[in-house]
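In: Task: produce atomic coordinates for the following.
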Amino acid sequence: MTATLENPQTEMGAIPSFQVTMRVERFDPESGSGSYWQEFTLTMHGTDRVLDALHQIKWDLDGSLAFRRSCAHGVCGSDAMRINGRNRLACKTLLKDLDLDKPVVVEPIKGLPVKKDLIVDMEPFFASYREVMPFLVTTGNQPSRERLQSVEQRAVFDDTTKCILCAACTTSCPVFWSDGQYFGPAAIVNAHRFIFDSRDEGAQQRLQILNDKEGVWRCRTTFNCTEACPRGIEITKAIAEVKRAIVTRSF
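Out: The predicted model follows:
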């Protein structure tokens with residue numbers, strides 16, 4: 001269906017409205033059948049996001065539609081999904097930035113089991129995250145003052161502190177799609193954040209974990225993960241730095 005402007009702007013400051021067709025992949029585990037596509041035609045506005053369209057469907061047209069969302073401001077990462085074939089956050093994707101001459105296609109992120117509609121089972125993703133020890137490791141007595149760190153020391157790993165665990169990077173990776181055992185980009189990014197932290201003492205353990213056959217060496221450097229990251233993290237670069245640390249033991 002072709003999206004058309006319904007009400008042209010007639011007064012100063014008015015927000016134009018338009019029709020958009022949302023083509024959503026549906027799946028109900030209780031039905032006993034496979035997934036199917038369902039289309040909804042909505043009247044939306046220039047300030048609306050894909051998340052707003054999904055809300056309108058759920059609140060006004062079909063209350064059975066299932067998807068995750070929380071903060072709606074690109075911080076919690078819960079509404080990652082495939083929108084027109086690309087992993088994105090629904091709360092950060094403006095409808096007006098998409099090609100509205102065609103239906104907006106919305107699917108669950110790939111590589112993780114679908115629980116219902118756009119909701120996937122995140123447990124395999126978080127299992128890999130937990131395995132890389134995503135916390136500060138120190139030895140000795142509890143310090144009596146703050147562990148100091150220079151601006152230069154912080155800059156080494158600052159980029160990878162931005163991860164919001166949305167899984168957009170990991171589920172954009174073709175290796176992860178075909179090999180469910182691969183740690184995936186997000187786990188490696190979160191390992192990087194601590195491996196290069198000057199206050200941490202667990203780098204050797206993490207590097208040993210990531211040196212596994214399902215660790216960093218499974219990366220094929222396709223850059224899908226970097227392109228999918230809604231926070232702009234240079235994920236492929238971080239993975240390369242972890243590979244170099246494994247080889248040189250320099251971090």
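In: mind checking pLDDT for the residue most central in space within the chain?
Out: The residue lying closest to the centre of the chain (C-alpha atoms, centre = their mean) is residue 168, at 2.5 Å. Note on residue 168: pLDDT of 98.
In: cool, the one 3 residues further on as well?
Out: With respect to pLDDT, residue 171 scores 98.
In: Count the residues that sit near it.
Out: 27 (other C-beta atoms under 10 Å). C-beta coordinates here come from the backbone N, C-alpha and C atoms, glycine included.
In: again, but for residue 198
Out: With other C-beta under 10 Å as criterion, residue 198 counts 14.
In: My read is that it contacts residue 151, right?
Out: No: counting by C-beta atoms under 8 Å, residue 198 stays clear of residue 151, with 11.5 Å between them.
In: for the chain, what spans make up the strands?
Out: For the chain, strands defined by DSSP state E occupy the ranges 5-7, 17-26, 36-45, 80-83, 86-89, 104-107, 114-116, 119-120.
In: and the shortest one, average pLDDT?
Out: Computed over strand 119-120, the mean pLDDT rounds to 98.
In: what pairs with it, and is each one parallel or antiparallel?
Out: The pairing partners recorded for strand 119-120 under DSSP bridges are strand 114-116 (antiparallel).
In: How about residues contacting the strand it pairs with?
Out: 27-29, 35, 66, 108, 120-121 (C-beta atoms under 8 Å, 6 or more residues apart in numbering).
In: cool, and stretch 230-244?
Out: Outside stretch 230-244, the residues touching it (C-beta under 8 Å, 6+ apart) are 74, 77, 80, 88-89, 92, 159-160, 162-164, 166, 168-169, 185, 188-189, 191-192, 195-196, 207, 210, 216-217, 219, 221, 223, 225-226, 229, 250.
In: can I get the CA coordinates of stretch 67-75 in CSV?
Out: Coordinates of each C-alpha in stretch 67-75 appear next as CSV, following Å, rounded to 0.1, in the frame of the first residue of the first chain:
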residue,chain,number,x,y,z
PHE,A,67,6.9,-6.9,22.0
ARG,A,68,9.3,-5.6,24.6
ARG,A,69,9.9,-1.9,25.4
SER,A,70,10.7,0.0,28.5
CYS,A,71,12.4,3.4,28.6
ALA,A,72,11.5,4.4,25.0
HIS,A,73,14.6,6.6,24.8
GLY,A,74,17.3,4.3,23.4
VAL,A,75,18.8,3.5,26.8
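In: re the thing from before, can I get the strands of the chain in a markdown table including distance to residue 52?
Out: Listed next are the strands of the chain as a markdown table, based on distance: least, C-beta to C-beta, whole Å:
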| stretch | distance to residue 52 |
| --- | --- |
| strand 5-7 | 16 |
| strand 17-26 | 11 |
| strand 36-45 | 7 |
| strand 80-83 | 13 |
| strand 86-89 | 13 |
| strand 104-107 | 12 |
| strand 114-116 | 21 |
| strand 119-120 | 19 |
